[in-house]
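Enquirer: let's see this in three dimensions:
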Amino acid sequence: MEGNSQEYGRPRRPNAETVSYLNGLPIDEKLASDQVQAYLDSFLNNNDADNTSSEAAEFPALVNATHAALSSVFNEIASLACEEIPAQQIETLVRIACRYSAAAKRVVLASLSGYWVFLSTHRFGSHVAQTVLRCAVAECEVNLDEFDDKQDECEGKMVIDDSYGTIFQENTSSVPELLMQAFEELKPFATDLTVHVCGTHVLRTALCILAGVEFVDAFAKPNGNKQDGTVSEWESGVLAATRRGKLKDKKKKKKKRKPGSDEGSSAENKATVMKEMNMIAGCQTTDFQSNADVMLTEMIQILSLSDNTNNVQPPGELQQRTCHPSGGPLLVQIVRLLSYRDGSKHETKKQGKDSADRRLGILPNEPKYRSGSDAEAFVHKLLCWDANIPVEGDDAKHPHAGDIIYGLSGEPRGSILLEAIFRSCPDEFHDALCVVGGFYDEATLKEYIYHGVSNFVVQALLNSLRNRDQANKMVKCLCPIIEDGSLLQPKKHRAPDEQAVDENSDNKNIQRMGIIWRAVEMCSNSGSSQDQEQLIHALMRGFASISAGDDDNAAKKDSDGKKKRSKSKGLSAKGCIPLLLGLTASSDDEEAYSSGERLTLNAAGARTLFHIFQFTERLRSDWVNGFLSLYGTNDLAKIANDGLGSRCIMDGLLDGPAKEVASKSLYSKLFNRLPFLAAERVGHHVVMKLFHALPYDDKAVMSAELSHSLNRLGSNAMGRSVMASCAVKEYLEGENAWREALAKQKVNEEWLKDILGEDGGSGDEAGGKSRKKRRKE
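Expert: Take a look at the predicted model:
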């Protein structure tokens, strides 16, 4: 390996006969899972029937064959891992064996001993190395080695002894010992593996195991393959993601996205969140944890290219690696792992409103590291940050940190590192980053926003602001940038003569709706009413600016005064909403609508409108009334039946502070469409929320209307859910039964609020104190 003179093991080419034997094995992980489940069910049925005289169930044949195959190719597994087809077969064998046998984990780890470095740098071997490491530490779904099969000796143990008896005599090391041996092999080559296209992935897996943390999809879809709704970790999640080749699920063909549509909507779909790894008992012992902590510290010391001093080093190779396609993601992972390890020890339970929401683009909160922690020291090395230099006010005297932040923000990998730092750093350091990076300066902030990459850093910054003072500073810088309309007007709307404007000019027209969305979200969560007012007026003036230009691009000079007046006054809220959503009101409100029709909404605009609906009443009233008066029945039905429109717009009205006004207007407009929406996958949520937001008399009329469509409502699960929630059957039974059903619902809702807290979270301090007082009394 370049730059390292140390030697490492290289396996020989595999035997051709072994390759043919392995390629011919009829291995199927799904079939193995079915056989094991049938094997377990047979004992469960026998116990239920209390039938001890029945014949013992046959041990799963594929599991038995898997152990036999691994034992026969044990000495050539490292060689076979370097061939394309055999490598996939080895991965399948490892997954089946480690899923149902704890003893097999020792075998697969021992088979690669001495070859970890070579396999980590190999195109196919690196996949095998990752699969072996991850499956070896994962808990078995069912450990058949110790399964009680009502026989004198466990049949699973007999299979293991028969397959691996000789191997265990020669290799007596435990799984934790074999893991540490593998990490010791990788440690001297860690700096080279960091920038290796294959080696970096193996190194990331090793660091996750040492930290006891894994990365999972923040917006994972629920999976209910089994009848009871439970899904094994081996069926979905990180372990299932290790499948390759023929075992990987078929992907649907992705449709080509239209340019400019759903700007900023892909970031949250790729977001990950950390959680503790479910590891075998041997990796949860105090000895292994202490050894893992020492190994992790040594690894990070090597990867940070530290000189073992506390002196601030000038920018060098470490800063170059932050922008490397392989090294950059690894450094991001280290920052997040260290932050999780430090922050999870001192974290407090978050309110329910902070939970992740894919439709609203709300990312899950991660623990933040503390001052003086290993994570802080690592971040300081990445940014060449001198902790001895104070950051007071808007004065920044750091010799290198400002330039590094500016450079990283414009680089695809470095910008992701900056986003991770913004989300995981303590409050004081977050404000210092904003000062040193120039984010509180209007000219510098505009440059960040106009850039195609660094604007995402600004979005992460706005999303992670910690206090009202920071929000006030950002609003003062953002308002002048938003007012000129350059962030609101897409390129396709530019006039031909405007396209010739110099790229360095201040009059750029490039849509940045993600910035608008995050800025409004910031004001809704952390800003004052004055900040909300300034931002919303800037938004209205910005839309007025682009509207004036679109109406008459060839206007005479004598009409300039009218344009200036229009811009200073701002476009009305009703006029801004279609531009924000990208949805023009339908001219024919009686047009027939079917569930197959699709809406195309601007994702960032819909989320922006959601947060505007949460503003103070004085500021939101015009927007609420403007939306309700602008769109008719047909448009509202489409929005209610659209996933994005339902969650961002309808929920913003019916779950927000404007629900009293909005529910009455929506009820009158959607009254004739309620039976249709009640049986739709998305629309039925709006029907139920509308029912609960209505006053008592209107609820009765709504239940009566739904009772005329019992056949449609009873045809699917969504309709039946609406029938239960709106007490439709109880209404047909009589007024008393209907009132009792509503009273019972109200009791359940109040009980749930008392448990979760009035804000939907885990209970506020006041609520907790009042409940304690009641118990004492």
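
Enquirer: where do the strands sit along this structure?
Expert: Ranges of strands in the chain, per DSSP state E, are 213-217, 272-276.

Enquirer: could you redo those strands as CSV and give each row mean neighbour count and distance to residue 236?
Expert: (C-beta placed from N, C-alpha, C; glycine too.) As requested, the strands of the chain are exported to CSV (neighbours: other C-beta atoms under 10 Å; distance: least, C-beta to C-beta, whole Å):
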stretch, mean neighbour count, distance to residue 236
strand 213-217, 17, 10
strand 272-276, 16, 14
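
Enquirer: the helices in the stretch 51-200 of the chain, which residues?
Expert: In order along the chain, the stretch 51-200 of the chain carries the following helices (DSSP state H, counting those that start in this stretch): 61-72, 77-80, 84-100, 103-111, 116-120, 125-137, 155-170, 175-186, 190-194, 199-211.

Enquirer: most tightly surrounded among those helices?
Expert: Comparing the helices of the stretch 51-200 of the chain by mean neighbour count (mean count of other C-beta atoms under 10 Å), helix 116-120 comes out on top with a mean of 26.

Enquirer: that helix - contacts with which helices or strands?
Expert: helix 125-137, helix 175-186, helix 199-211 (3 or more C-beta pairs under 8 Å, 6 or more residues apart in numbering; DSSP states H and E).

Enquirer: can I get those helices in CSV with mean pLDDT and distance to residue 445?
Expert: Shown next, in CSV, are these (pLDDT from 0 to 100; distance: least, C-beta to C-beta, whole Å):
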stretch, mean pLDDT, distance to residue 445
helix 125-137, 95, 41
helix 175-186, 95, 42
helix 199-211, 96, 33
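
Enquirer: spatially central residue in this structure, please.
Expert: Within the chain, the residue whose C-alpha comes closest to the C-alpha centroid is residue 218; the distance, by C-alpha atoms, centre = their mean, is 2.7 Å.

Enquirer: show me the contacts for that one.
Expert: Contacts were defined as C-beta atoms under 8 Å, 6 or more residues apart in numbering; by that measure residue 218 touches 268, 271-273, 356, 363-364.

Enquirer: list only buried entries from those residues.
Expert: Under a neighbour-count criterion of 16 or more other C-beta atoms under 10 Å, the subset of these counted as buried comprises 268, 271-273, 356, 363.

Enquirer: indicate which one of the strands of the chain is closest to residue 321.
Expert: Go through these one by one with C-beta to C-beta and the one that ends up closest to residue 321 is strand 213-217, at 20.0 Å.

Enquirer: who does that closest one pair up with?
Expert: When pairs are called by DSSP bridges, strand 213-217 turns out to pair with strand 272-276 (antiparallel).

Enquirer: how far does the partner strand sit from its chain's centre?
Expert: Counting by C-alpha atoms, centre = their mean, to the nearest Å, strand 272-276 is centred 9 Å from the centre of its parent chain.

Enquirer: what's the answer for stretch 88-106, then?
Expert: The answer for stretch 88-106 is 29 Å, by C-alpha atoms, centre = their mean.

Enquirer: adjust the sequence numbering to begin at 35 for everything that follows.
Expert: That works, and once the first residue is 35, the last one we named lands at stretch 122-140.

Enquirer: sorry, back to before: tell me the one among the contacts of residue 252 nearest to residue 115.
Expert: Nearest to residue 115 out of the contacts of residue 252 is residue 306 (C-beta to C-beta; 27.1 Å).

Enquirer: residue 247 is in contact with that closest one, correct?
Expert: No. Applying C-beta atoms under 8 Å, one finds residue 306 not in contact with residue 247, separated by 11.1 Å.

Enquirer: returning to that earlier point: so for residue 410, which of the helices of the stretch 85-234 of the chain sits nearest?
Expert: With distances scored as C-beta to C-beta, the stretch of those nearest to residue 410 is helix 233-245 (16.5 Å).

Enquirer: got the angle for that closest one vs helix 159-171?
Expert: Direction vectors for helix 233-245 and helix 159-171, defined by axes from the mean of the first three to the mean of the last three C-alpha atoms, to 10 degrees, enclose an angle of 10 degrees.

Enquirer: for helix 233-245, packing partners?
Expert: Counting contacts by 3+ C-beta pairs under 8 Å, 6+ apart, helix 233-245 packs against helix 150-154, helix 159-171, helix 209-220, helix 224-228, helix 320-337, helix 361-377.

Enquirer: as JSON lines, those helices with distance to residue 349 would be great.
Expert: Below are the helices and strands packed on helix 233-245 laid out as JSON lines (distance: least, C-beta to C-beta, whole Å):
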{"stretch": "helix 150-154", "distance to residue 349": "28"}
{"stretch": "helix 159-171", "distance to residue 349": "30"}
{"stretch": "helix 209-220", "distance to residue 349": "27"}
{"stretch": "helix 224-228", "distance to residue 349": "17"}
{"stretch": "helix 320-337", "distance to residue 349": "17"}
{"stretch": "helix 361-377", "distance to residue 349": "14"}
